[in-house]
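# the following block contains a protein sequence and its predicted model.
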Amino acid sequence: MEAGARLGITAHARYRTVPQAQIVELLALHGWGHRMRSEGATARHEAGEALERFVAAGLPFESAARGERRFDPAEVLNTIKWAYLRGGDPLWPDHFVATGRRLVSEFHAGSDGRRTPPPPATLGPRRFSVSLEREFNLRAATKGKAIRLRMPLPLESAMLRGLEIGSARSSIAGAALSSGPGRLDAKLPPSAEETATLGAELSFVAEPSGPEIGRSALTQSELDLYTQPREGIIQVDARIAALAAELAGTPHEPWQTVRRFWDFIQTRLICGVLHVDELDRSNPLHSILDMGWYDCRLGSALLVALCRARGLPARMASGYVLYSISPFYHYWMEIWLGERGWVPLDLFSANLTAKESDEAWQDYFLGGLDYRMQTQCLPRLFDTSPALDFPASWYTLTRSRGDGIEIGVFETNSGNFIFRDRISVVSAAV
C-alpha cells in the first residue's frame with residue numbers, strides 16, 4: 001500500500017485515532033449517500049466490506065486497548081482515491097464519484113448522474129427550508145465567565161432572498177441572542193454546562209450563482225481589499241507570483257488567465273483531505289504545491305492567490321451546499337471580471353471527475369454554481385465563533401442522521417468534538 005508523500009499526507013500512528021465504526025459511517029455517506037435513508041444498513045455493510053478490502057491490501061490502522069481498530073480519515077479517503085489514480089481500483093469512481101454526480105443531478109429532473117446535467121444557470125429559483133443546529137464543546141471554556149458563540153446563518157444576496165429566521169434558540173437558559181449578516185450570535189451567562197447548542201429554522205428562496213451582469217465597478221477600497229497579497233491563508237509571495245506568471249504566460253483576456261489557473265489545479269493537483277498541522281505556517285499554499293494535494297479551502301485560496309498575483313480581484317466564500325442527501329459545508333471562490341461582475345468557481349468539480357477526459361464534469365462549476373446557502377464572504381463577513389479555540393491537529397467527520405447529516409469537527413489526540421452541525425434541507429420549485 002502506497003503511503004506518506006504519495007498520499008499527500010504523513011502516514012503516522014498519531015493520526016489514527018478514529019474508531020472503525022465512525023470511518024464506516026463516513027464512507028457510507030460519501031460513497032453510498034443516495035441509499036442511506038432507504039437502505040442504510042446495506043449501505044453501511046458495503047462500506048464496511050470496502051474498508052476491509054483496503055485493510056487486507058495494507059491500509060494501516062492502530063489497535064485500541066480493547067482491540068478496536070482506529071484509522072486516520074484523511075489516510076483512508078486519500079488511499080481510496082490514490083488506489084484508483086495509481087492502479088484503477090474501481091471503488092472511487094463507482095461509488096464516490098457516482099455519489100457526487102447524483103448529488104449535483106438532484107435539481108435536474110430526469111437526470112440520474114450518468115450524464116452531465118444542464119448547466120447550473122438553467123435552474124430556476126427554489127424555496128428551501130433548512131433546519132440547522134450547532135453544538136459546541138464548552139469544556140475548555142473559562143469557568144465563571146460569559147461565553148460568546150456564533151452559528152452560521154445565510155447571507156442575503158441576489159442569489160438568496162426572502163430570508164426568514166424562525167425558532168432561533170439556545171440550550172443555555174438566559175442566553176442573549178442576536179443575528180447579523182451570516183451569523184446568529186449568543187452571549188451565554190456563566191454556566192456549568194459542558195455543551196451548548198444554538199439552532200434556527202430557516203426559509204429562503206435561492207437561485208443558481210453566476211456572473212452578476214450589470215453590476216457597477218468596484219470601488220478603490222474594494223479593489224485594494226480583493227487584491228491584497230496577504231489575507232489569512234491567502235499568501236502571495238515570490239513563489240506564488242512566479243507560478244502565476246508561468247501559468248498565465250503572455251498577456252491574455254482575464255478569463256483565459258483564470259482558466260489556466262483552473263486547469264493547473266484540476267490536472268496537476270489532487271483534491272483530497274489534509275492534516276492541518278502539516279501545513280507550512282509561513283505560507284500554507286506552499287504545502288499543497290509540494291504535496292500535490294489540496295482540499296476545498298486551500299484549493300480555493302490558491303486560486304484566489306494566483307488571481308491576485310496577476311492583479312485580478314478575487315475572494316473566498318463558504319457555506320452549505322444544499323443537496324438534501326448531503327448538505328455539506330464547503331468553500332469556493334469568486335473573481336471579479338469587470339462587466340461580468342463576481343464570477344464563482346468551485347473545485348467540487350474535481351470530485352465529479354473520474355478521469356481527465358471527463359471535461360464536462362471537470363468544468364461543471366467553472367463560472368456558475370447551483371444552490372448554496374452562503375454564510376461567509378471573506379474577509380469582511382465571517383462565521384467563526386469567538387469562543388472556539390482550535391487545537392493544532394483536528395479532523396472532520398460526517399455521517400447520515402435521520403433526514404439530514406451531522407458534520408463534526410474533532411480534536412485528533414483526544415477525539416473530543418469541538419463543534420458539530422446537524423443540518424437538514426427540504427426544497428421545492430417556486
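Thanks, I have it. Residues are numbered from 1 along each chain as shown.

# geometric centre of the protein: which residue is closest?
Nearest to the geometric centre of the chain sits residue 330, at 2.5 Å (Cα atoms, centre = their mean).

# can you give me phi and psi for that residue?
phi -160, psi 160 (degrees, to the nearest 10).

# what sits against the closest residue to it other than its chain neighbours?
In space, and not counting its chain neighbours, residue 330 is closest to residue 321: 5.1 Å by Cβ to Cβ, 6 or more residues apart in numbering. All C-beta atoms are positioned from the backbone trio N, CA, C, and that covers glycine. Going by Cβ atoms under 8 Å, 6 or more residues apart in numbering, residue 321 touches 103, 327-328, 330, 348, 370-372.

# now list the buried members of those residues.
For those, a burial check counting by 16 or more other Cβ atoms under 10 Å picks out 103, 327-328, 330, 348, 370-372.

# all the helices of the stretch 201-350 of the chain, residue numbers only.
220-227, 238-248, 254-268, 284-291, 296-309 (DSSP state H, counting those that start in this stretch).

# which other helices and strands does the longest one contact?
To tie it back to what came earlier, the one meant is helix 254-268. helix 238-248, helix 296-309, strand 342-345 (3 or more Cβ pairs under 8 Å, 6 or more residues apart in numbering; DSSP states H and E).

# nearest to residue 282, of those?
Nearest to residue 282 among the helices and strands packed on helix 254-268 is helix 238-248; the distance by Cβ to Cβ comes to 10.7 Å.

# tell me the buried residues in that closest one?
Neighbour-count burial for helix 238-248 [16+ other Cβ under 10 Å]: 240-241, 243-244, 247-248.

# looking at the buried ones among the contacts of residue 321, which are in strands?
330, 372 (DSSP state E).

# sorry, back to before: right, and the residue nearest to the centre of the chain touches residue 318 too?
Yes - counting by Cβ atoms under 8 Å, residue 330 touches residue 318, with 6.5 Å between them.

# need the CA coordinates for the helix or strand residue 21 falls within. CSV is fine.
According to DSSP states H and E, residue 21 maps onto helix 20-32. C-alpha atoms of helix 20-32 as CSV (Å, rounded to 0.1, in the frame of the first residue of the first chain):
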residue,chain,number,x,y,z
GLN,A,20,-13.7,1.9,12.7
ALA,A,21,-17.5,2.4,13.2
GLN,A,22,-17.1,6.2,12.6
ILE,A,23,-15.0,5.6,9.5
VAL,A,24,-17.7,3.2,8.1
GLU,A,25,-20.3,6.0,8.6
LEU,A,26,-18.0,8.4,6.8
LEU,A,27,-17.5,6.1,3.8
ALA,A,28,-21.2,5.1,3.7
LEU,A,29,-22.3,8.8,3.4
HIS,A,30,-19.6,9.7,0.8
GLY,A,31,-19.9,6.6,-1.3
TRP,A,32,-23.4,5.3,-0.8
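
# who's in contact with that helix?
Against helix 20-32 from outside (Cβ under 8 Å, 6+ apart): 36, 40, 43-44, 46-48, 50-51, 61, 68-71, 73, 76-77, 91, 95-96, 99, 326, 397-400, 405.

# ok, the nearest residue to residue 271 once chain neighbours are set aside - contacts?
With sequence-adjacent residues excluded and distances taken as Cβ to Cβ, 6+ apart, residue 271 is closest to residue 350, at 3.8 Å. By Cβ under 8 Å, 6+ apart, the contact list for residue 350 reads 265-266, 270-271, 299, 362.

# can you give me the neighbour number for the closest residue to residue 10 other than its chain neighbours?
Spatially, and ignoring its direct neighbours in sequence, residue 10 is nearest to residue 278 (5.9 Å; Cβ to Cβ, 6+ apart). Residues contacting residue 278 under the criterion other Cβ atoms under 10 Å number 16.
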